[in-house]
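Participant: Generate a structure from the sequence data that follows.
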Amino acid sequence: MREVVVTGIGIISPLGKGAEENLEKLRKEEHGLSKADFFESRYVDAFPFGEIKLSNEELRDMLGEGDFTGFTRTCMLACLAFGDAISDAGLTPEMLGSDETGVVSASTVGGVCYTDQLYQDANALGDGSEYMQSYAASAHTNHLVAHFGIHGYADTINTACSSSANAIAQGYRLIQSGRLKRAIVGGVDSLAKYTVNGFNSLRILSDELCRPFDQKRKGLNLGEGAAYLVLEEASLAEGKKQYGSIRGVGNSNDAYHASAISPEAAGVILAIERTLRSAGIPPEEVDCINTHGTGTENNDEMELLGMSKVFGKLPPFSSTKSFTGHTLGAAGAIEAIYSLFSLNYNEVYPNLRFENPMTAQVQTPVTAYQRLEEVRYVLSNSFGFSGNCTSLLFGK
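Facilitator: Next up, the predicted model:
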């Protein structure tokens, strides 16, 4: 089977645009959670959000020249991160247009970030807006393909909060099996009334800054962002910058509940075990874990239970959602990039605001920035609604 390496990354998150700004904020323990300035909702004063502090007009200006008719905020965020990733990897127009290059992107809300506009268009309350073709979860992928001249394989994945982790896994498998030589993979989501109202109806939004794995956790903070990785067959990447390789992927679906993980953590355990088995790596060789760690009651307890059953004594672990909030379909890709930071710089980023260990679990996350002697393997977890659980293993 072919080795798959990461040769380019692009990211825009509540911590900023670009890898350097995100890395700096992680090291300085500076989160991006606050009152929303641009997102319009009746809940703006009730909950903190991980908002990217750029208006839609500023995002459009950052895209430069071109026809961006029908680009929602979701599409613009995706375009910015995607462009940075392919530039970082040095992909030429010829490479992008090759049948050996594919795109696998992910989103949960898609163009429904324009919830009010969708309502107007769906009920024919006007002549129809420029966004008529942009509401589907796959619309941003169509715009990326057209804007960057992609002619090969293209796919969109929506498995809720594990979406972009599954996009990475899909790209990895396509290259490993010989169907593609390279794939640009990742995901995007914007703040939207649709998701805020939905999560609020589940009573899992916190009115305070989230505190994953803390006994006094009150829920999650929703965020937004986009992140993409360029995956290439190792034979094509000689002489190029390489952030690491994908050593294993694992997915499961416990199908226990529409919005909760099973009380035995069955899906969590199976996803991690499949990942380690596919990599041929025993649990004790994993040096750190970027957890899913949403700050909700069920997720944190079941994730810690599942990890403890697989690893016994856990390696250093933390949730970087304490920095960004939960970026939904973008979370897996954003956290994959943060995992690559850990791999490249031998460091672990803190689980902010953790104070009180959970009574049901004794193991606790890293609470301050740490340098490690060496990071050889990093595990990144992403879990979605209906129990869709995905783990990715990155190695040097």
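Participant: you'd agree Thr2 is up against Leu174?
Facilitator: One thing to correct before we go on: residue 2 is Arg, not Thr. No. Under the criterion of Cβ atoms under 8 Å, Arg2 lies out of contact with Leu174, with a separation of 10.3 Å. C-beta: built from backbone N, CA, C; applies to glycine.
Participant: Settle it for me: which of those two has more neighbours?
Facilitator: When neighbours are counted by other Cβ atoms under 10 Å, Leu174 comes out ahead of the other of Arg2 and Leu174, with 21 against 16.
Participant: Now do the helices in the chain.
Facilitator: Assigned by DSSP state H, the chain shows helices spanning 19-28, 56-62, 73-88, 93-97, 115-122, 139-148, 163-176, 193-201, 266-279, 297-311, 321-324, 331-345.
Participant: Give me the mean pLDDT for the fourth one.
Facilitator: When pLDDT is averaged along helix 93-97, the result is 98.
Participant: got it, and the longest one?
Facilitator: Across helix 73-88, pLDDT averages out at 98.
Participant: Would you mind pulling up the elements that that helix packs against?
Facilitator: Judged by 3 or more Cβ pairs under 8 Å, 6 or more residues apart in numbering; DSSP states H and E, the packing partners of helix 73-88 are strand 4-13, helix 56-62, helix 139-148, strand 182-189, strand 225-233.
Participant: Single out the most deeply packed of these.
Facilitator: With neighbours defined by mean count of other Cβ atoms under 10 Å, none of the helices and strands packed on helix 73-88 is more surrounded on average than strand 182-189, at a mean of 32.
Participant: Output that one as CSV, restricted to C-alpha atoms.
Facilitator: Extracted in CSV, the C-alpha atoms of strand 182-189 (Å, rounded to 0.1, in the frame of the first residue of the first chain):
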residue,chain,number,x,y,z
ARG,A,182,-3.1,13.5,-4.5
ALA,A,183,-6.1,14.8,-2.7
ILE,A,184,-7.1,18.1,-1.1
VAL,A,185,-9.1,17.2,1.9
GLY,A,186,-10.8,19.1,4.8
GLY,A,187,-14.0,20.9,5.7
VAL,A,188,-15.7,24.2,6.5
ASP,A,189,-18.6,25.5,8.6
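Participant: Please name every helix or strand in contact with it.
Facilitator: Counting by 3+ Cβ pairs under 8 Å, 6+ apart, the elements that strand 182-189 packs against turn out to be helix 73-88, strand 101-106, helix 163-176, strand 225-233, helix 331-345.
Participant: now the angle between strand 225-233 and the first one, please.
Facilitator: Computed by axes from the mean of the first three to the mean of the last three Cα atoms, to 10 degrees, the angle separating helix 73-88 from strand 225-233 equals 40 degrees.
Participant: roughly how far is helix 73-88 from the heart of the chain?
Facilitator: 14 Å (Cα atoms, centre = their mean, to the nearest Å).
Participant: do stretch 119-138 as well
Facilitator: Relative to its parent chain, stretch 119-138 has a centroid offset of 27 Å by Cα atoms, centre = their mean.
Participant: For that stretch, give the mean pLDDT please.
Facilitator: Averaged across stretch 119-138, pLDDT comes to 81.
Participant: and it, which residues are buried?
Facilitator: Of all the residues in stretch 119-138, those buried under the rule 16 or more other Cβ atoms under 10 Å are Asp121, Tyr131, Ser134, Tyr135, Ala137, Ser138.
Participant: Any chance of JSON lines for the residues you listed, columns distance to Leu222?
Facilitator: JSON lines is the format used below for the buried residues of stretch 119-138 (distance: Cβ to Cβ, whole Å):
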{"residue": "Asp121", "distance to Leu222": "24"}
{"residue": "Tyr131", "distance to Leu222": "21"}
{"residue": "Ser134", "distance to Leu222": "21"}
{"residue": "Tyr135", "distance to Leu222": "19"}
{"residue": "Ala137", "distance to Leu222": "17"}
{"residue": "Ser138", "distance to Leu222": "22"}
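Participant: Break this protein down into its domains, please.
Facilitator: Structural domains of the chain, as assigned by automatic domain parsing, span the residue ranges 4-236, 248-395.
Participant: Nearest to Gln242 among these would be which one?
Facilitator: Using Cβ to Cβ as the measure, domain 4-236 is the one of the domains of the chain that comes nearest Gln242, at 4.8 Å.
Participant: on that earlier part again, please dump the domains of the chain into CSV; it should also carry distance to Gln242 for every row.
Facilitator: Putting the domains of the chain into CSV (distance: least, Cβ to Cβ, whole Å) gives the following:
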stretch, distance to Gln242
domain 4-236, 5
domain 248-395, 10
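Participant: okay, now Glu284: neighbour count?
Facilitator: Using other Cβ under 10 Å, the number of residues around Glu284 comes to 10.
Participant: and it, what does it touch?
Facilitator: Phe311 (Cβ atoms under 8 Å, 6 or more residues apart in numbering).
Participant: now do Thr7
Facilitator: Residues in contact with Thr7, defined by Cβ under 8 Å, 6+ apart, are Asp88, Ala89, Gly90, Val230, Leu231, Glu232, Ala237, Lys240, Lys241, Gln242, Tyr243.
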